[in-house]
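*Asks:* Just need the structure, nothing else, for what follows:
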Amino acid sequence: MRIREITVLQAWAPAPEQEAAQASVLDAIDELDAQYAAGEIERAAYFIKKRAFVRML
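*Replies:* This next block holds a predicted model:
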């Protein structure tokens, strides 16, 4: 029974690939925020792109 409990607990732990992908998406959101703050992209494009990034998380 103990082996099953450990397996279940490990299934809930995020995989290293997921953590790397999530960090990449967060970096992209930070870059997008900087572009919007600098006035490089329009408001509508900013919200569309940010929504897409947030859905990836």
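
*Asks:* how far is the strand or helix carrying Ala34 from where the chain is centred?
*Replies:* According to DSSP states H and E, Ala34 maps onto helix 16-37. Taking Cα atoms, centre = their mean, to the nearest Å, one finds the center of helix 16-37 at 6 Å from the center of the full chain.

*Asks:* what's downstream of that helix, the next helix or strand?
*Replies:* In the C-terminal direction, the helix or strand that comes right after helix 16-37 (DSSP H and E) is helix 43-56.

*Asks:* Would you mark the buried spots in the helix holding Ala34?
*Replies:* For helix 16-37, a neighbour-count test (16 or more other Cβ atoms under 10 Å) marks 25, 29, 32, 36 as buried. Glycine gets a C-beta too; all of them are placed from N, C-alpha and C.

*Asks:* TSV please, covering these and showing distance to Tyr46 and pLDDT.
*Replies:* Converted to TSV, the buried residues of helix 16-37 look like this (distance: Cβ to Cβ, whole Å; pLDDT from 0 to 100):
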residue	distance to Tyr46	pLDDT
Val25	16	92
Ile29	11	94
Leu32	7	95
Tyr36	4	96
